[in-house]
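Asks: Build the 3D model from these lines:
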Amino acid sequence: MKRLTYISKFSRPLSREEVESIGQVSSRNNQKANITGILLCSGGIFFQILEGEEEVVDPLYEKILKDDRHTDIFCLKNEPQISEREFPDWSMKTFILDENTDLLIKPIKSLLQTLSTSQLILAKYTQPTILEIIKSGINPLKVAPKLVEKIIMFCDICSFSTLSEKLPPEQVVLLLNEFFSAVTEIITVRGGEVTKFMGDCAMAYFDSDRADDAIQASLDILKEMERLRKSAPEGNALRVLYAGIGLAKGKVIEGNIGSTIKKDYTIIGDAVNVASRLEALTRKLSRSLLFDSDVKNSAKVSWNFLALGDFNLKGKEQLTAIYSLENALTILKIDEIKRAISLSNYPRNLSPSASGASHICKYTDEL
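Replies: Here you go, the predicted model:
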């Protein structure tokens, strides 16, 4: 048998009658499927334990994941080989704790609220792939590494070292947050996933058949950087916010990398290195977007490809054919950017309202 424990939040306000109805319907259905368990509700939170045969529990949990009454679902514990039930007499006993004033119930309410808040905080520091693994009831630490083909993206702020020297720490962080917010939203909308932030660089990946989405996301990012520059007031650091982007396609290893103390679920491989090298090369080639021939050949859209030649990338024995796009957004004048930064005097306060942060990512496909 299997026991599964999860926590979730109400996606919308539910009345006492609705919660009781959920419990009654669940009880009837679970009795037919020989599923037992308990359901606690408090402060807009569901806490549920399901136990029964694995071939019955798993489909039920899949149904819960798709239930529009739930949001922020986290599997807290997955016990696949239990010999005894903890709730053998309850097909689904429901407890609504909100109206209970018993002193013994108060700590349980507090515990559920704390647990829910902790999960939401954890989600902010965890990449989507890991969240999906957790939601599915799988322990991420037990996921085996696998060889996959991906399109890797590296996106980095141009002349960030110079900028960080001129700005106070809080403004550096605010600038980074503006940049990462735009980049993450755009990549996510286009079907990619940001896997990590490294200094002023975002690393992301797309499935191997989404070359056009990766290219379009790159243009969307460059378009958003242009919008932020134009909307920023005089003297604001966002007026010199430019990005370099490198794309590469290839086989990578996806899985848990790290030590017994700290692990990172990430991707490693030659394509990762190539994407990083291409991003760094954007400054020398005066192009804000560079990609290799594998990305170019995977594209289905008729882009205005621009062949820049064959280059010897660090760590590669053979020359790499590098491409960009014939597009005004991809032109990068790094010397002018550096000069503009060196001549700028930045104010003490760089607020989101001044930079237009509330309007991040109002980009279009008209590129």
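Asks: Find me the pLDDT at Phe74, would you?
Replies: Phe74 carries a pLDDT score of 83 in this model.
Asks: Tell me if it really is in a strand.
Replies: Yes: counting by DSSP: H, G, I helix; E, B strand; the rest coil, one finds Phe74 located in a strand.
Asks: neighbours around it, how many?
Replies: Neighbourhood size, Phe74 [other CB atoms under 10 Å]: 20. In this view, the C-beta of every residue, glycine as well, is placed from N, C-alpha and C.
Asks: and it, bridged to which residues?
Replies: According to DSSP bridges, Ile7 are recorded as the beta-bridge partners of Phe74.
Asks: Wait, it touches Ile133, no?
Replies: No: applying CB atoms under 8 Å, one finds Phe74 not in contact with Ile133, separated by 11.1 Å.
Asks: what sits against the closest residue to Asp72 other than its chain neighbours?
Replies: Ranked by CB to CB, 6 or more residues apart in numbering and with sequence neighbours excluded, the top spatial neighbour of Asp72 is Lys9, at 4.7 Å. Lys9 makes contact with Gly44, Ile45, Phe46, His70, Thr71, Asp72, Ser116 under the criterion CB atoms under 8 Å, 6 or more residues apart in numbering.
Asks: Same question for Asp292.
Replies: So Asp292 contacts Leu247, Ala248, Lys249, Val274, Leu278, Thr320, Ala321, Ile322, Tyr323 (CB under 8 Å, 6+ apart).
Asks: and the last one, that one's in a strand?
Replies: Yes: assigned with three-state DSSP, Tyr323 falls within a strand.
Asks: just checking, it touches Phe291?
Replies: Yes: Tyr323 lies in contact with Phe291 (CB under 8 Å); the separation is 5.6 Å.
Asks: quick one, which of those two is more surrounded?
Replies: More crowded of Tyr323 and Phe291, by other CB under 10 Å: Phe291, with 29 against 22.
Asks: distance of Gly263 from Ile253?
Replies: That one is not Gly; residue 263 is Lys. Distance of Lys263 to Ile253, given as CB to CB, to the nearest Å: 14 Å.
Asks: Same question for Ile82.
Replies: From Ile82 to Ile253 the distance is 34 Å (CB to CB).
Asks: show me the contacts for Glu279.
Replies: Applying CB under 8 Å, 6+ apart to Glu279 gives the contacts Phe154, Cys155, Asp156, Cys201, Gly244, Ile245, Gly246, Leu290.
Asks: Looking at those residues, which is nearest Ser181?
Replies: Using CB to CB, Cys155 is the member of the contacts of Glu279 that lies nearest Ser181, at 12.7 Å.
Asks: for whatever helix or strand the closest one lives in, what is the average pLDDT?
Replies: For Cys155, the element it lies in under DSSP states H and E is strand 146-157. The average pLDDT for strand 146-157 rounds to 95.
Asks: hey, C-alpha coordinates of that strand in CSV?
Replies: Extracted in CSV, the C-alpha atoms of strand 146-157 (Å, rounded to 0.1, in the frame of the first residue of the first chain):
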residue,chain,number,x,y,z
LYS,A,146,19.5,11.4,-17.6
LEU,A,147,20.9,12.4,-21.0
VAL,A,148,18.7,14.9,-22.8
GLU,A,149,18.9,17.3,-25.7
LYS,A,150,18.3,20.9,-24.9
ILE,A,151,18.7,24.4,-26.2
ILE,A,152,20.7,26.3,-23.6
MET,A,153,20.5,30.1,-23.1
PHE,A,154,22.9,32.4,-21.2
CYS,A,155,21.7,36.0,-20.7
ASP,A,156,24.1,38.5,-19.1
ILE,A,157,24.1,42.2,-18.3
